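**Q** Return atomic coordinates for the entry below.
(one chain, ligands or ions: 1)
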Amino acid sequence: MYSLGKRLAWLEGPGATCEKTNPVPPRAWHLVLLGPPGVGKGTQAEKIVAEFGACHLSTGDVFRHAARNLNGKAPSPAMAIALAAMKRGELVSDNTVVELVRERASCLACQYGFLLDGFPRTIDQAHALDDILRGVGSKLDAAVNFFAPEALIIERLSGRRVCKQCRTGYHVANKPSRVPGRCDACGGELIQRDDDKPEAIRTRLQAYAATCNPVLEYYRKKGLLREIEASGDPDAVFAQTRSAIQKLA
Ligand code: AMP
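**A** Next comes the predicted model:
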């Protein structure tokens with residue numbers, strides 16, 4: 001059982017180093033997670049990390065980490081534009097996201113392996129990822145795509161809450177806190193992410209629908225795509241995910 005770790009090299013970029021708290025896994029898995037927001041990629045990512053030891057590299061987490069750590073300072077112009085797009089539920093520009101991943105290319109060559117979550121989201125990002133991987137002498141084992149009916153996705157996203165202090169995640173129906181509105185772990189206030197509000201959810205799902213097919217097709221043609229039906233409970237979905245990854249060995 002591996003833990004998530006602080007992923008500082010990923011979250012903070014060049015100059016930051018990770019504490020190596022986990023043992024090095026027997027195999028460094030190189031995986032991409034695909035699927036619409038709210039399909040449960042984050043939960044599956046936690047389970048994949050725990051079992052296979054790969055490092056969870058989410059591009060959304062990099063933006064959220066930057067937003068939380070401004071400490072009153074103005075963000076760089078590129079980051080300010082990115083954070084405003086994120087708040088509205090829109091995609092950040094390919095150039096900005098690719099640059100952010102390129103700066104962190106060493107994470108894609110790490111001995112722990114990686115689990116990319118939220119990248120690539122467009123075909124240009126998929127091409128850029130191949131180029132970045134080539135540059136560090138690495139390549140993908142698989143792109144795992146999670147899918148579920150849209151009504152279920154909207155229900156999952158709109159009920160999501162997160163602790164303002166420790167970032168623990170909850171769901172008003174599926175994973176409620178013991179005291180409504182308060183975190184079980186630290187007592188912090190539970191809030192709804194701006195991009196989980198109804199208008200932003202609609203925009204995010206539209207953005208996903210507009211860009212996902214070429215990416216899925218790209219990985220299908222390369223023989224890398226693995227499809228997982230993700231409507232069930234997280235453990236049942238993970239049983240399928242685990243088996244799909246084990247078959248790659
Ligand atoms: P996520 O947590 O993956 O849903 O990402 C949150 C937000 O970050 C998205 O709605 C986008 O605004 C932005 N974002 C994250 N990854 C990407 C990406 N690969 N391309 C464009 N925008 C992204």
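**Q** Ramachandran angles for the residue in the chain that the ligand sits nearest to?
**A** Among all residues of the chain, residue 60 sits closest to the ligand, at 2.2 Å; criterion: C-beta to the nearest ligand atom. Any C-beta I mention is one placed from the backbone N, CA and C, and that applies to glycine too. According to degrees, to the nearest 10, the main-chain angles of residue 60 amount to phi -60, psi -40.
**Q** Can you give me the pLDDT of it?
**A** Note for residue 60: predicted pLDDT of 93.
**Q** interface residues of the chain facing the ligand?
**A** Among all residues of the chain, those adjacent to the ligand (criterion: C-beta under 6 Å from any ligand atom) are 37, 58-60, 63, 85-86, 89-92, 97, 118-119, 121, 125, 195, 204.
**Q** how about a cut-off of 8 Å?
**A** Proximity of the chain to the ligand, by C-beta under 8 Å from any ligand atom, involves residues 37, 41-42, 58-64, 82, 85-86, 88-94, 96-97, 117-122, 125, 195, 200, 204, 207.
**Q** care to break the protein down by domain?
**A** Domain assignment for the chain by automatic domain parsing gives 8-148+211-246, 150-196.
**Q** ranges for the strands of the chain?
**A** Here the chain has its strands, by DSSP state E, at 30-34, 55-58, 114-117, 142-147, 160-163, 169-171, 190-191, 225-229.
**Q** thinking again about what came up before, just the buried subset of the residues of the chain next to the ligand, written out for PyMOL, thanks.
**A** To isolate the buried subset of the residues of the chain next to the ligand in PyMOL, counting by 16 or more other C-beta atoms under 10 Å, use the following:
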select buried, resi 37+41+42+58+59+60+61+62+63+64+82+85+86+89+90+91+92+94+96+97+117+118+119+120+121+122+125+195+200+204+207
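**Q** Excluding chain neighbours, what is closest to the residue nearest the centre of the chain?
**A** The geometric centre of the chain, computed from its C-alpha atoms, lies nearest to residue 117 (C-alpha atoms, centre = their mean), at 3.1 Å. Among residues not flanking residue 117 along the chain, residue 58 sits closest, at 4.2 Å (C-beta to C-beta, 6 or more residues apart in numbering).
**Q** one step back: deepest of the domains of the chain, which one?
**A** Burial among those, expressed as mean neighbours by mean count of other C-beta atoms under 10 Å, is greatest for domain 8-148+211-246, which shows a mean of 17.
**Q** roughly how far is that one from the heart of the chain?
**A** For domain 8-148+211-246, the distance between its averaged C-alpha position and the chain's averaged C-alpha position is 5 Å (C-alpha atoms, centre = their mean, to the nearest Å).
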